[in-house]
Structures are given as structure tokens and as C-alpha cells.
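Novice: For reference, the sequence and a predicted model appear below.
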Amino acid sequence: MKKINIVGNNTFLEEEILKQFELTTGGWFSFFSDDNQYAKEKLSGDLETLESFYLDRGYLKMQIVSTQVAITPERDAVYITINIDEGAKFTIKELKFTGDTILSDETLRAVVPIKGGDTYSGAIVTYAEETITRLLGYRGYAFPNIQTLPDIDEEKKEVSLTIYVDPSKRTYINRINFAGNMKTDDNVLRREMRLMESGTMSTDLVERSKLRLERLGYIEEVNVETPKVAGTDDLVDINFRVKERPSGSIGGGLAFSDLQGLMLNANVSQDNFLGSGNSIALALNTSKAYQSINFNYSNPYYTNDGISRGWGAFIRRTDFGALNIAGQTLDSYGANVGFGIPINEITRLNFGVAIQDSELKTGTPISEQIKAFYESVGQDIDRDPDYAFQLVTLNLGWLRNSLNRGLFPDDGTSQIATFDFSVPGSDMEYYKLNYKIDHYVPIARGWSFLFRANFSFGDAYGDGSGSGDARLPYFENFYAGGSATMRGFDRNTIGPREIYRLPQFSGAPPGTDPLDNPVGIPLPPSFDTITINRRSVGGNARALGGIELIFPTPFAEDNRSVRTSAFIDIGNVWDTEFDLDQYSILSDNEFNRIPDFSDAGTYRASAGFSIQWISPMGPLIFSLSKTLKQEEQDETESFSFNIGKTF
């Protein structure tokens, strides 16, 4: 393509018109992309685009007078000249509806964005016809005939529009068929349907059923067709063709993490167990931080009404020190059971109970926060540093999910609110609240925004069993940092840290042998010194947020299994119970070394790029980050990876 000329364009610049064309004279990279090659099919499409461009802007009588395609003598370049007659610009005089509209005139005018005085637009007329077709389809009229009849007044440059509505016969469903489900039972897919065979056809319920299938984690893609049954004019079949996603794994292996060191694991999991739609998982893991055995089973349709049930059991040892958390170990075993009740298509209520038997083993040295916890439960940490306890916890949850897909959604909202609390009379009485929202906004094909927020709070209730104030157990605190919460910061390192208050001593008393009294005489508490440990102790409050721009992954053919994004993360963790004044008797030098861990005004922020890949071993997340706002004691990381749930 050498040159494209538009002749007769008196209203719009040639550059503005040519921006709409697929044909182009190319640019710097045309040598590689060949985007400047002439094609007759492209020219035909561009001529239609040209007509639509004028029609959408009120030029109802615009005409393409002629089109000339000239080839250079060397036959290596093409010149195109398009002669047009713009005509006059028309406005709409009035809008009327006729025929068997089914819908009221008020309803039609409410959904059709056309009124007298507007500039005529072919695109808006098409939108009006599609909207009426869709509304009739909701009511079972799957094949209506909608026509817009213009009455043009050439003298006044006005057009009156009459939309003719013929709903045709109400349509009914003959059969609902499924194809492509090689592993999944038909009834697992059929229970997601919001239509019934022999029932009235509804295009809205067809789309809703399609969306429910797409939300299943083991379904990658869904296509649907609604052909008429041969020999009838009021029956259709609904044919769903699905593409299944690998839903299970059996294996084990070795892995290495900077945080947890060498990790050994063996696991078997299946999100679509024997094609039933139920999920089952057994996992054995060992690393520097965790040794655990977990078993979980979930049935999303425990009853035909859609009530779900899940249960599980676990044995676990956690070394908090290996997770950059206060240096203790927690041995636990327990079991849980939970139920979910559907409220409507996108909302569920969950409730469950868990029983846990645990033993906390505290090492040395002992931080101020851990001492405060032991005081609250009435145990002398110096005499007995190990604390055994039993808990019965109840959990309530509210979920609202309007995402368009189960994995890698790009439209809709997911909201989760949970309330967990230990029952009165437990060894520790506390509660935890959490709210999380992910909101996707599509902006173009393959492009969307993700807005994220997460708010958490916990506290004790009751008077406690010891001399200190009742408080949320520190091992139930909230943490932040790492690829799952705040990228750019090392895992679990944001927020309050362990404080060590060290008593000071004078020299040995006069007349005594220093070898017999190496410590000396204790000095008053005002002489104590402070050490802030690198390990986090977490906090009872957390706020996280972020914005993410999702864009097509370069050189990736299947964007359903790979996702690339640019992100900004922001958030903080703090301790609302932290009292800085308790250290006011210290010297100014020592007091000034203690951060105010109750200050909710501090925050951290980071930015970077992320790639998520649904691999055979599960979702892999790689992040390259740079901190934008950090505190002096924060530990950062430029690169991180995570195996687990995608954002």
C-alpha cells in the first residue's frame, strides 16, 4: 500500500477516517508484520467501515461514489482513491413502536436510547434492535423479527423511526445436550443448568447456565448453540460444548525456597473426583517451616438444592521462625466440617465448626509480645514455656461471586466476608473478621483492570484467665509480605516485630569475687535496653489493597492459561493493642528505637510485573517488584514466586 486518498470528505479529516481502516500504508515495523499489504477482502471491509462511520454520525444519505485501485508500473505498490458524497446530517424527529410488541411502550422507551432531537446513529438503531431481541428472548421468544423503518424528511433533514416488532411464536426446549465432557458426568453439568427440557426457552437463562459452567474450575471453555428442531417452528435444542481442564494431579517432588529451604512433598488431588464434581486432596509436606498431613473432601452438591458440605483433618507442625515470624513451634491436630447454603445465583452463606488440639513450644529469648500473651492466659513462661490448649471454633461466611470464569476472570466481582470465633469456655476466647473484594473491569479485548482490597481485624473477648489483658493470640495474628499479599516485601515481614527488653546489671558488689557473681546487681527498669528483632509478630489489624492492569501475554497463543499484569500493591499490618507509653520510663535513646506498631497511618507500597501460569503442577506466579514506600526495618525482595492460588 502506497497511498489511500479520500475525496469528498468535507466534514471529517482524512486522517480521522483512515484510523478506522484495516488497510494501512504501514510504519517502521511493517517489514516484519506485513501490515501494509493490499488485500481485496480488507478493502471491502474498510468500505463498509467507512459507510458505518458516517451513518453513526447522522449522515444517513452518505454514498461511496466510486473506488479506484491503481497499481504502479513496477507492480510493487498500490494507490487507492475513494470518492464519497457525505450528504446532509439528519436528526431524529420521533420514535414509534408498532406490531405485537409484548413489552409495554414505557419499557421499550426505557431501554431504547433514542429520543427526538438526537443525531441519527446507525449503531444506536442496531443496539435498540438487539436490546428488544434480547428482552423478548428472556420471555421465551427466541426468534423475533425486529425491523426499523425510517421516514426521511429531506427538506427538514429529519427522520422519523418506527420500530416494528414481531415476536413470532414462543419457543420451548426440546433437548439439552452436552459434548466434550470426556471425564465429567452429564449430571454434573446438567445441575448447573437454569433451564429444563420442555420448559420455556430463555436466552438470559442460557447465558446464565453457560456462565455457571465457565465458573467450574475443571471447565476451561464453553460454547453454546440453540438450533431449531427440524420440522418445527417453536422447538429448539440447546447444545453445550465444553473443553475440560486438567483437574487432578498425583505426584511428589523436591523444591527449594529461599524462605523454607528444601521442601519435600507428596500429594494427590482431584477437583473433579471420578467425574462427580467433588474435590478430594491428600497432601504430605515437609520443609524447614512445615511438616503436615492434610486430607480434605468437598461436595458442592451435598443436597439437590445446592447445599455444599466439606470436611477435613490435619496433623501439622509449624516452625514460625522459619517463616520470619516469632520463633516458636506449634504442634496441632484437628478436624473440621462446613456447609454452604446458596442464597441466589451468585451468593452463598457458609458455616462450619473446627476442633483443634495444640501445643505451643516457646524458645529463647522471649519477646515482650509473647510474655504478654502468657500473662493473659495465666501461665508463668519462665517456669513452663510450653502451652497446651484446645479450641472449638465456629466460622461464618458470606460469599458473592459474579466473576465470568473460575480461573483468570476478567469481568465481575468476588466478595468474601468471614467471621471466625472460638466458642465461649475455650482455653482462649477470641474472634477474627475478614473482608476481601476483587473487582475486574474489562477495558478492551484481553485488557482489564483488577481492583483489590482486603481488611482484617481480630481481638479477644472475655476477661482472660491470667493477670494480663485478654488479647488475640499472637500466633493467630495477621501478616503481610510475599507474593500472596504484598509483592516486593519478604514473606510475613511487614508490621509489628518482636521486641526484646533486656535488663541491665552493674558490676559485682565490692568485696566479692566476680567469678562467683558474674551478673552483678540488677539496675532499675529505666536502664533496660531494647532490641527489635527481624522476625515479625504480626498484628490484629491488616489492610491491603492494589490495582492491577491485565494485558495480553506477549508471544503466548493461549491467554486462558497464562496471564500477565502490571501492579501496584499497598497496605500495612498493625497492633491496635500496642501501648508505646509502657516504655516511656526508658532512656530517650532506647525509647526512640521503638516504632509505634499501633500507628495505622504508616503504610507500604510496591509496584512491578507479574506472570501467572496454569502449569501441570498447579498455578505458578512469578513477580518482579520494586518497593515504593517502606520502613527502615522492612526486608524486601525484587523477585518472588509462588505455587498456589492465582490472584
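Specialist: Structure's in. What do you need? Numbers count the residues shown, from 1 in each chain.
Novice: contacts and neighbour counts: CA atoms only from here.
Specialist: Will do.
Novice: pLDDT value on the nearest residue to Arg471 once chain neighbours are set aside, please?
Specialist: Once flanking residues are discounted, Arg471 sits nearest to Ala460: 4.6 Å by Cα to Cα, 6 or more residues apart in numbering. Ala460 is assigned a pLDDT of 92 by the prediction.
Novice: before we move on, what about Ile499?
Specialist: Confidence score, pLDDT, at Ile499: 86.
Novice: Check Ala88 too.
Specialist: At Ala88, pLDDT is 93.
Novice: Could you tell me how far it is located from Asn9?
Specialist: 12 Å (Cα to Cα, to the nearest Å).
Novice: Asp579 too?
Specialist: Taking Cα to Cα, one finds Asp579 at 74 Å from Asn9.
Novice: Kindly report the same for Glu129.
Specialist: For Glu129, the distance to Asn9 (Cα to Cα) stands at 30 Å.
Novice: If you count surrounding residues, which of the two has more?
Specialist: Each of Glu129 and Asn9 has its neighbours counted (other Cα atoms under 10 Å); Glu129 has more, 19 against 14.
Novice: counting contacts, what elements does the helix or strand containing that one pack onto?
Specialist: Assessed by DSSP states H and E, Glu129 sits inside helix 122-138. On a contact count with 3 or more Cα pairs under 8 Å, 6 or more residues apart in numbering; DSSP states H and E, helix 122-138 meets helix 40-55, helix 105-111, strand 145-153, helix 203-214.
Novice: of the ones you listed, which approaches Gly137 most closely?
Specialist: helix 203-214 (5.1 Å; Cα to Cα).
Novice: what is the rounded mean pLDDT of that closest one?
Specialist: So the average pLDDT for helix 203-214 ends up being 92.
Novice: Quick check: buried residues in that helix?
Specialist: For helix 203-214, burial by neighbour count (16 or more other Cα atoms under 10 Å) applies to 203-204, 206, 208-214.
Novice: Same check on stretch 167-180?
Specialist: Neighbour counts over stretch 167-180 (16+ other Cα under 10 Å) mark 167, 170-176, 178 as buried.
Novice: and these as a markdown table, adding secondary structure and distance to Ile416?
Specialist: Shown next, in a markdown table, are these (DSSP: H, G, I helix; E, B strand; the rest coil; distance: Cα to Cα, whole Å):
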| residue | secondary structure | distance to Ile416 |
| --- | --- | --- |
| Pro167 | coil | 42 |
| Arg170 | coil | 40 |
| Thr171 | coil | 39 |
| Tyr172 | strand | 38 |
| Ile173 | strand | 36 |
| Asn174 | strand | 39 |
| Arg175 | strand | 37 |
| Ile176 | strand | 33 |
| Phe178 | strand | 32 |
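Novice: Distance to Arg348 and pLDDT added to the residues you listed, as a markdown table?
Specialist: Output for the buried residues of stretch 167-180, formatted as a markdown table (distance: Cα to Cα, whole Å; pLDDT from 0 to 100):
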| residue | distance to Arg348 | pLDDT |
| --- | --- | --- |
| Pro167 | 37 | 92 |
| Arg170 | 33 | 92 |
| Thr171 | 32 | 93 |
| Tyr172 | 31 | 95 |
| Ile173 | 29 | 95 |
| Asn174 | 31 | 96 |
| Arg175 | 30 | 96 |
| Ile176 | 27 | 96 |
| Phe178 | 27 | 96 |
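Novice: and the two most separated of these?
Specialist: Among these, Pro167 and Phe178 lie farthest apart (Cα to Cα), at 28.5 Å.
Novice: hang on, the earlier thing: give me every residue that touches the residue nearest to Arg471.
Specialist: 429-431, 470-472 (Cα atoms under 8 Å, 6 or more residues apart in numbering).
Novice: Would you mind giving both backbone torsions of it?
Specialist: Dihedral angles of Ala460 (phi, psi; degrees, to the nearest 10) stand at phi -90, psi 160.
Novice: Asn9 now?
Specialist: The phi/psi pair for Asn9 (degrees, to the nearest 10) is phi -80, psi 90.
Novice: isn't it right up against Val65?
Specialist: No. Asn9 lies out of contact with Val65 (Cα atoms under 8 Å); the separation is 12.0 Å.
Novice: which neighbours do these two share?
Specialist: In contact with both Asn9 and Val65: 84-85, using Cα under 8 Å, 6+ apart.
Novice: average pLDDT for stretch 223-234?
Specialist: 92.
Novice: Check which residues of that stretch are buried.
Specialist: Buried, per 16+ other Cα under 10 Å, within stretch 223-234: 224, 226, 228, 234.
Novice: same thing with stretch 435-448?
Specialist: 435-442, 448.
Novice: pLDDT, secondary structure and distance to Arg383 added to these, as CSV?
Specialist: Converted to CSV, the buried residues of stretch 435-448 look like this (pLDDT from 0 to 100; DSSP: H, G, I helix; E, B strand; the rest coil; distance: Cα to Cα, whole Å):
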residue, pLDDT, secondary structure, distance to Arg383
Tyr435, 98, strand, 40
Lys436, 98, strand, 42
Ile437, 98, strand, 45
Asp438, 97, strand, 48
His439, 98, strand, 51
Tyr440, 97, strand, 54
Val441, 97, strand, 57
Pro442, 95, strand, 60
Ser448, 96, strand, 58
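Novice: number of nearby residues for Phe567?
Specialist: Neighbour count of Phe567, defined by other Cα under 10 Å: 22.
Novice: Nice, that's everything, thank you.
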